[in-house]
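Fold the stuff below for me.
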Amino acid sequence: MKGRLTGMKAMTVFIVFLLALPLTSRTNRFATLTVAVSSAGISLPLQLVIAYGWQIEVKEAFGYPWWTLGCFGVTFVTEREKVEGLKDRVLKVCRQTDWNPLTARHARSLASQQIHNWMREPLEWLRWQARIMAIDSYPAVLDPDQPARVRLDDLSAALKRIVRNDFTVLANDPEADSLSFTVSPAKPCRLRLGFQRATKLHSSQRTHWLWWTVAQGDPAAAMVLGELLGGGTEARWFQLLRGDKPIAYHAIAQVQWTPVGSELSLYAATMPNDFAIARQKTQQLLSELSRGRISGDEFDRAKRLAELKFAQMKSDIVAFNRTLAVWLVSGRRLDEWENLPAEIRSLSVKELVAFVRSLPPATEITALP
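I've put the predicted structure just below:
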């Protein structure tokens, strides 16, 4: 267990170990610690290399690197009695601005693998195209070879920026009365929305399409909208594209919280001949929602699913710690997080419609075969 386990191998070992424990001890034996960093001014290849480097250097716990719009970091899992020692180790590693060349080399390799993984998942691949274009980030196009070109000088400069701006550390011990955290809110990020872009997916015969935007409004409304659109086979987006007359192989709607707002994604994979129909139906759907064409039954169902998803996320120690860290980095308070279920229950159709009408222009990313 003391070796350098990374990526899926580390996750597999941890899950097998967790399942081997008695049911009564699974939820309270482990503690989580997340380090989260604002990604302002740090290119995505650099973010990938840095997160993997931290995972490699912190050998005292299982580390799960993650990246999202405006933020990145690593979530670590360890035994409860070791969390204070883990925090000291994580702080020491994250404040180190000069890396061992072997660590950098290993991190570059893992970063390249991560880009390859995204390329094999069209939804994630298109979402990252939208993200890097929206913030005018370098590079404008992702390439698995880019992490290999990250120099030690580039790493040192980025790490010094991180140390200078500080970072968020969130520790969660399920037996403790309260969370332990220090927060460094993310710097404001200007987004460019409403653009269109076409790319290629040479391994696919289908057209993959992403409708993507980021809303600054009520997170409870965003969560309910996400479930209304994509919460199971009865949801609007699925029924629209996969209902009585299917026109898409995949129809996925998701809402994720980021430091700059609620990220809404509508994804479809169709044959090229059906692409125009899918796009037209999407515009029709959003127009109907903005006019308040939402039945009471589907609205109540979406609220129940949003509350259930919140509870499910809290039961996943890794997802919970990571999401809460991003919430704090965004500048929101802990009491606002704790009040989210109540906000979901009290949400009205009128408030949801107002949220839909407030959505900024959408970005469209198309990947052609």
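
State the number of residues packed around residue 185.
Residues lying near residue 185 (other C-beta atoms under 10 Å) number 14. Where C-beta positions appear, they are placed from N, C-alpha and C, glycine not excepted.

hmm, I was thinking of residue 186
Per other C-beta under 10 Å, the neighbour tally for residue 186 reads 23.

and the gap between it and residue 76?
21 Å (C-beta to C-beta, to the nearest Å).

And for the closest residue to residue 175 other than its chain neighbours, the neighbour number?
Computed as C-beta to C-beta, 6 or more residues apart in numbering, the closest residue to residue 175 that is not its neighbour in sequence is residue 28, at 5.7 Å. Using other C-beta under 10 Å, residue 28 has 11 other residues around it.

Got phi/psi on the residue nearest the centre of the chain?
Centrality entry for the chain: nearest residue to the mean C-alpha point is residue 68, 4.6 Å, by C-alpha atoms, centre = their mean. Torsion angles at residue 68 (phi, psi; degrees, to the nearest 10) stand at phi -150, psi -180.

Surely it and residue 325 touch.
No - counting by C-beta atoms under 8 Å, residue 325 is not a contact partner of residue 68; they are 10.6 Å apart.

buried sites along the helix or strand harbouring residue 324?
Per DSSP states H and E: residue 324 is located in helix 317-329. For helix 317-329, a neighbour-count test (16 or more other C-beta atoms under 10 Å) marks 317-329 as buried.

Just the closest of those residues to residue 156, please.
Nearest to residue 156 among these, counting by C-beta to C-beta, is residue 329 at 23.5 Å.

Look at the closest residue to residue 362 other than its chain neighbours and give its secondary structure.
Counting by C-beta to C-beta, 6+ apart, residue 362 lies nearest to residue 213, which is 4.6 Å off, once chain neighbours are set aside. In the three-state summary, residue 213 is assigned as strand, counting by DSSP: H, G, I helix; E, B strand; the rest coil.

Residue 64 too?
Using three-state DSSP, the structure places residue 64 in strand.

For the residue nearest to it when sequence neighbours are not counted, give its distance to residue 165.
Using C-beta to C-beta, 6+ apart and skipping residues adjacent in sequence, the residue nearest residue 64 is residue 75, 4.8 Å away. Noted for residue 75: a distance of 20 Å to residue 165, by C-beta to C-beta.

How about the secondary structure of residue 67?
When classified by three-state DSSP, residue 67 comes out as strand.

Can you get me a residue count around the residue nearest to residue 64?
Neighbourhood size, residue 75 [other C-beta under 10 Å]: 26.

hang on, it packs against residue 316?
No - counting by C-beta under 8 Å, residue 75 does not reach residue 316; the two are 10.6 Å apart.

Identify the residues contacting residue 323.
257, 313 (C-beta atoms under 8 Å, 6 or more residues apart in numbering).

oh, and call the first residue 4 from now on, that's how I've got it
With the count now opening at 4, the last piece we talked about shows up as residue 326.

Could you check the pLDDT of it?
Residue 326 is assigned 94 on the pLDDT scale.

next structured bit after the worst-scoring helix or strand of the chain on mean pLDDT?
None of the helices or strands of the chain scores lower by mean pLDDT, DSSP states H and E than helix 26-29, at a mean of 46. Downstream of helix 26-29, the next assigned helix or strand under DSSP H and E is strand 33-41.

That next one vs helix 320-332, what angle?
40 degrees (axes from the mean of the first three to the mean of the last three C-alpha atoms, to 10 degrees).

Show me what strand 33-41 is packed against.
Contacts defined by 3 or more C-beta pairs under 8 Å, 6 or more residues apart in numbering; DSSP states H and E place strand 33-41 against strand 74-82, helix 86-97, strand 171-175, helix 320-332.

Show me how far that strand is from its chain's centre.
14 Å (C-alpha atoms, centre = their mean, to the nearest Å).

Strand partners (parallel or antiparallel) of it?
Using DSSP bridges, strand 33-41 pairs in its sheet with strand 74-82 (antiparallel), strand 171-175 (antiparallel).
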